[in-house]
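Colleague: curious how this folds, go ahead:
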Amino acid sequence: MLRRLVGGVGVFGLFIGLTAVPANADPILSPKITFSADPAVLDPDHPTAVLSGQVTSPTDDTPVVGLGVHLWIQHNEATIADVTTDATGHFTATFSPTEQETDPNSPDRVEVEASTPYTSEHAAASTWVSVALNRPQLSMTLTADRTKDDQGTPVGLTGTVQRQTDAGSAPAAGVAVDLSGCGGSLGSVTTDATGEFATKVNMLCTGAIWARAHGVLYRLVDAYTPTITVRQKPRFWDIQASLDADGTVAFRGETDLGRGTTSVANQPVAIQYSTGNGSWRTVATTRFQSSDGIFATSFFTGRSGYYRASFAGNADYTPAVSSAVKLWRWNTRFDKFKVSPHSVRKNHQVTVSGTLSRAVSMTKRTGYAGRKVEVIFRFKGKKTWYHLAWAKTDKRGKFSKKVKAYGSGYYAVVFYGGSGTFSTGTDGKTYVRATGADGAITLSGLLPGKVVTS
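Modeller: Numbers count the residues shown, from 1 in each chain. I've put the predicted structure just below:
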């Protein structure tokens, strides 16, 4: 029978004739090796064997001292130990097999080999011993703490593993229990001294949990939980949101909530608002469009802050929220707005003036420089606002503009917002009385500019 040489030299056997020696020299012989395992049969109560032996001269049985002995497993050539013979030629090592060291085709034994290398004094040699494995059958219980679960919420598992004995059964301590579910591994756990185990696992889908208890000195056993119904956790993505100068929020996004199935159609989505203090309130609602998982809405809030989408959950899906989007604009307002004089003849001029300011922080304001301001007018008793002129603020936010008084009515100014500021306007209650005869000239002087309706 051919054997492997130590250190990867090659395959060898007890064929001393293969060694090349001079014609007039004594042949180099392989030493004798005695080798045994104690106990020769391993079981859960006796999991470790002592491997021992002696190397002696092939001619006079004297001990071979200081010779290396390589102990290894024939099945996978895994090393057990490398030892050296003592003054009496003896060597020893301990051996506790693992599952990886057993041959799946012969799981009830492990063949262990002892090999010595080729030296200037001795040819290579090897021998082997078979270590039997007495593998009792395992039994197992497996219990889940729930049959309904939300994805991301751990399921608690408990169980016991017993082994058969001559007296009946006993706890199987130190046994590995592998857990699987939804087509993948859920981890593993090891039994304690009483044969019990407890752990938590995350189920990704509806199904049973499969447990397999196994060990090199046991015959494996499987157990299953009842089916665990798992509510899926939706995921939001492609969130797009904007806040325009008039305070209107546009919000859209997508989710994988049952995408492509009828379960998502018309499910409600809440749009929530927060100032950033961790508290959220619903400011608008919409629904998923059919089964494509897309939603979109627009609504007025007039507030800067943080916005997100929220799904309250149903029988199939857990509650979920999107990432928050910061939408921010600063407040603007008109200060010291006035129109003078308060009484003027028709088609004569009045002066519209004031200051446009903006917030630059939560506590500080400043004049808003270089901004265009629209002056508008509404006749008394009418609802239509007419464009009169544009004014521009100076470096302190002040503006002043002369406009024609076409009749008695109300004046206002409007700012349409900047890239980071809200729009604003005066209340439209500043009244100027225009005196003089009425006539066709009442509207004839107005330019056909922008019309703003109240």
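Colleague: so where's this protein uncertain?
Modeller: The chain contains residues with pLDDT under 70 at 1-26, 258-263, 290-291, 437-454.
Colleague: which non-adjacent residue is nearest K382?
Modeller: With CB to CB, 6 or more residues apart in numbering as the criterion, K382 has its nearest non-adjacent residue at 7.6 Å, and that residue is G409. Every C-beta, even on glycine, is put in place using the N, C-alpha and C of the backbone.
Colleague: from Q267, how far out is the residue most central in space within the chain?
Modeller: For the chain, the residue nearest the mean C-alpha position is G152 (10.2 Å; CA atoms, centre = their mean). For G152, the distance to Q267 equals 19 Å [CB to CB, to the nearest Å].
Colleague: likewise A241?
Modeller: 20 Å.
Colleague: how about the residue nearest to the centre of the chain, phi and psi?
Modeller: phi 100, psi -10 (degrees, to the nearest 10).
Colleague: burial count for D145?
Modeller: By other CB atoms under 10 Å, 13 other residues sit near D145.
Colleague: that one contacts V155, doesn't it?
Modeller: Yes. Using CB atoms under 8 Å, D145 is in contact with V155, at 6.6 Å.
Colleague: and stretch 231-246, which residues are buried?
Modeller: 231-234, 236, 239, 241, 243, 245 (16 or more other CB atoms under 10 Å).
Colleague: for those, give me JSON lines that also has distance to G420 and secondary structure.
Modeller: Formatted as JSON lines, the buried residues of stretch 231-246 follow (distance: CB to CB, whole Å; DSSP: H, G, I helix; E, B strand; the rest coil):
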{"residue": "R231", "distance to G420": "42", "secondary structure": "strand"}
{"residue": "Q232", "distance to G420": "40", "secondary structure": "strand"}
{"residue": "K233", "distance to G420": "36", "secondary structure": "coil"}
{"residue": "P234", "distance to G420": "33", "secondary structure": "coil"}
{"residue": "F236", "distance to G420": "26", "secondary structure": "strand"}
{"residue": "I239", "distance to G420": "21", "secondary structure": "strand"}
{"residue": "A241", "distance to G420": "15", "secondary structure": "strand"}
{"residue": "L243", "distance to G420": "10", "secondary structure": "strand"}
{"residue": "A245", "distance to G420": "9", "secondary structure": "coil"}
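Colleague: quick one, what contacts the residue nearest to T92 when sequence neighbours are not counted?
Modeller: Nearest-residue entry for T92: S52, 4.4 Å, with adjacent residues in sequence omitted and distances by CB to CB, 6+ apart. Residues near S52 by CB atoms under 8 Å, 6 or more residues apart in numbering: 35-36, 38, 90-93.
Colleague: skip ahead from the strand or helix carrying S52 and say which helix or strand is next.
Modeller: Taking DSSP states H and E as the definition, S52 sits inside strand 49-56. Of the helices and strands lying after strand 49-56 in sequence (DSSP H and E), the nearest is strand 68-73.
Colleague: helices along the protein, start to end?
Modeller: Along the chain, counting by DSSP state H, helices occupy 441-444.
Colleague: can you count the residues close to A170?
Modeller: 15.
Colleague: the nearest residue to it once chain neighbours are set aside bridge partners, please.
Modeller: Closest residue in space to A170, ignoring its immediate chain neighbours: R163 at 5.9 Å, by CB to CB, 6+ apart. Beta-bridge partners recorded for R163 (DSSP bridges): L138, A170.
Colleague: contact partners for R163?
Modeller: Contacts of R163 by CB under 8 Å, 6+ apart are 44, 136-139, 169-172, 195, 218.
Colleague: let's go with 7 Å and repeat that
Modeller: Taking CB atoms under 7 Å, 6 or more residues apart in numbering, we find R163 in contact with 44, 136, 138, 169-170, 172, 218.
Colleague: of those, buried ones?
Modeller: 44, 136, 138, 172, 218.
Colleague: can you list the residues you listed in CSV and add distance to S423?
Modeller: Formatted as CSV, the buried ones among the contacts of R163 follow (distance: CB to CB, whole Å):
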residue, distance to S423
P44, 81
P136, 82
L138, 75
A172, 75
Y218, 77
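Colleague: surely L42 meets L217?
Modeller: Yes. Using CB atoms under 7 Å, L42 is in contact with L217, at 6.3 Å.
Colleague: ok so, going back, ok, so of the contacts of S52, who is nearest T127?
Modeller: Set against T127, the nearest of these by CB to CB is F35 (5.0 Å).
Colleague: picking up where we left off before, beta partners for the residue nearest to T92?
Modeller: Applying DSSP bridges, one finds that S52 bridges with S36, T92.
Colleague: try V269
Modeller: T286.
Colleague: contacts only, for it.
Modeller: Applying CB under 7 Å, 6+ apart, one finds that V269 lies in contact with 285-288, 295, 309, 311.
Colleague: for these, give me a markdown table that also has distance to A434 and neighbour count.
Modeller: Listed next are the contacts of V269 as a markdown table, based on distance: CB to CB, whole Å; neighbours: other CB atoms under 10 Å:
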| residue | distance to A434 | neighbour count |
| --- | --- | --- |
| T285 | 49 | 13 |
| T286 | 49 | 17 |
| R287 | 53 | 13 |
| F288 | 56 | 23 |
| F295 | 52 | 24 |
| A309 | 53 | 25 |
| F311 | 58 | 22 |
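Colleague: separation between the nearest residue to T116 once chain neighbours are set aside and Y410?
Modeller: Excluding its sequence neighbours, the residue lying closest to T116 (CB to CB, 6+ apart) is A125, at 4.9 Å. As for A125, its distance to Y410 is 116 Å (criterion: CB to CB).
Colleague: which one of these two has more residues nearby?
Modeller: Counted by other CB under 10 Å, A125 and Y410 do not tie: A125 has more neighbours, with 25 against 20.
Colleague: how about that one, what does it touch?
Modeller: With CB under 7 Å, 6+ apart, A125 has these contacts: 14, 30-31, 33, 116.
Colleague: now do D222
Modeller: Counting by CB under 7 Å, 6+ apart, D222 has contacts 210-212.
Colleague: quick one, which of those are buried?
Modeller: 211-212.
Colleague: in JSON lines: the contacts of D222, plus distance to K336.
Modeller: JSON lines is the format used below for the contacts of D222 (distance: CB to CB, whole Å):
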{"residue": "W210", "distance to K336": "78"}
{"residue": "A211", "distance to K336": "78"}
{"residue": "R212", "distance to K336": "82"}
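Colleague: among the contacts of D222, which are in strands?
Modeller: Mapping the contacts of D222 onto strands (DSSP state E) picks out 210-212.
Colleague: and of those residues, the nearest to S353?
Modeller: W210 (81.1 Å).
Colleague: so the closest one makes contact with S180?
Modeller: Yes. When contacts are counted by CB under 7 Å, W210 is listed as touching S180 (4.6 Å).
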